[in-house]
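Colleague: Quick one: sequence and predicted model below, then my questions.
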Amino acid sequence: MKPSSAAIETQQVGFAYGDVPVLEDVSVRVEAGEFLGLVGPNAGGKSTLLKLILGLLSPQQGQIQVLGRTPKQARRHLGYVPQYPAFPREFPIQVLDVVLMGRLGLAATPWHRVGGWRRADREIARRTLADVEAGDLAAAPIGALSGGQLQRVLLARALVGEPEILILDEPTANIDQRLEGEIFELLSQLNDHLTIVVVSHDIGFISSYVSRVACLNRTLICHRTEAIDGDVINDLYGERVRLINHAHGGNQGHAEHG
Ligand SMILES: Nc1ncnc2c1ncn2[C@@H]1O[C@H](COP(=O)(O)OP(=O)(O)OP(=O)(O)O)[C@@H](O)[C@H]1O
């Protein structure tokens, strides 16, 4: 594969856990500055594709480039908001320390190991919390946060490493629709200077915010928003899907699993 000028490019990527194939022949190109929504049914392989892009897994077929490099080489330029927080909520840690975790691995000298964070790191962490409108939460214990507050803090943790690409796996899965709108407004603002890839179940909702929607169900069914119609949605989610137009202008429909 020639060095790619895209922010992210996958070519004919295949991946299986053991002998269970999860992704087949997935080729997608995300340009710098795009805000891509990745949608698809449960178990369609969305999280797996994100983990491949992040270099947490390696493809068994095909190739992936991120910022023209291998995913592992590009890792420090990626911010990641995982689907579920990987730390126990009852862990006695303050919000600011959670955000600072996003700076681990950035400095050539691991300052955090030799006597705490530098003042500059703390300042950047505070500023990033303020940027996601969570500046007042710096001293709060992580276990005291609401779902929406936790998502903002995890977003700050992903941003504090000053990434070029932000990758989010269902960032609003556990919060109500009003807060979901607020988070996506924030992402739209961040898209002014960041490439964003966000996984969502809800095509109708995200299509009001993202610049393009790609549909994944083991393979990439569609990667041009304008090509998404009832047939694509049926291919994607099967017949048990209801299509609902969202009041706030979503033009595609809402996939209801049932
Ligand atoms: N570590 C793992 N080991 C084995 N199988 C896995 C592992 N992680 C995911 N899978 C399986 O791979 C398939 C794809 O999972 P993945 O999480 O990528 O899908 P998804 O589209 O993100 O789904 P969801 O919307 O439910 O999060 C599923 O059948 C899942 O059970």
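Modeller: Ah, there it is. Residues are numbered from 1 along each chain as shown.
Colleague: surely Ile175 meets Gly148?
Modeller: Yes. Contact criterion C-beta atoms under 8 Å: Ile175 and Gly148 qualify, at 4.7 Å. In short, each C-beta sits where N, CA and C put it, glycine included.
Colleague: which residues do these two both contact?
Modeller: Ile183 (C-beta atoms under 8 Å, 6 or more residues apart in numbering).
Colleague: Rounded mean pLDDT for stretch 17-31, please.
Modeller: Stretch 17-31 shows a mean pLDDT of 93.
Colleague: err, stretch 186-196, not the other one
Modeller: Mean predicted confidence for stretch 186-196 is 95.
Colleague: just checking, Val160 touches Val98?
Modeller: No. In this structure, Val160 is not within contact of Val98 by C-beta under 8 Å, at 9.9 Å.
Colleague: And for Asp25, the neighbour number?
Modeller: When neighbours are defined as other C-beta atoms under 10 Å, Asp25 has 14 of them.
Colleague: Surely Val81 touches Pro163?
Modeller: No. Counting by C-beta under 8 Å, Val81 sits too far from Pro163 to count as a contact (10.8 Å).
Colleague: In terms of pLDDT, where does the residue nearest the centre of the chain sit?
Modeller: Residue closest to the average C-alpha location in the chain (C-alpha atoms, centre = their mean): Leu168, at 1.3 Å. pLDDT recorded at Leu168 is 95.
Colleague: A strand includes it, no?
Modeller: Yes. Using DSSP: H, G, I helix; E, B strand; the rest coil, the assignment for Leu168 is a strand.
Colleague: For the ligand, see how far away Pro141 is.
Modeller: For Pro141, the distance to the ligand (C-beta to the nearest ligand atom, to the nearest Å) stands at 28 Å.
Colleague: can you tell me which residues contact the closest residue in space to that residue that isn't next to it in sequence?
Modeller: Of all residues beyond its chain neighbours, the one nearest Pro141 is Gln94 (6.1 Å), with distances taken as C-beta to C-beta, 6 or more residues apart in numbering. Contacts for Gln94 were tallied using C-beta under 8 Å, 6+ apart; they are 138-142.
Colleague: Now neighbour count, distance to Gly68 and pLDDT too, for those residues, in CSV please.
Modeller: Putting the contacts of Gln94 into CSV (neighbours: other C-beta atoms under 10 Å; distance: C-beta to C-beta, whole Å; pLDDT from 0 to 100) gives the following:
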residue, neighbour count, distance to Gly68, pLDDT
Ala138, 18, 36, 96
Ala139, 8, 41, 95
Ala140, 16, 40, 95
Pro141, 15, 41, 93
Ile142, 22, 36, 90
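Colleague: quick one, helices of the stretch 101-250 of the chain?
Modeller: 119-131, 147-159, 177-190, 203-206, 230-237 (DSSP state H, counting those that start in this stretch).
Colleague: So, low pLDDT: which residues of the chain?
Modeller: 84-89, 105-115, 222-230, 232-258 (pLDDT under 70).
Colleague: interface residues of it facing the ligand?
Modeller: 17, 22, 40, 42-48 (C-beta under 6 Å from any ligand atom).
Colleague: out of the residues you listed, who has the most neighbours?
Modeller: Counting neighbours by other C-beta under 10 Å, Lys46 comes out on top of these with 25 neighbours.
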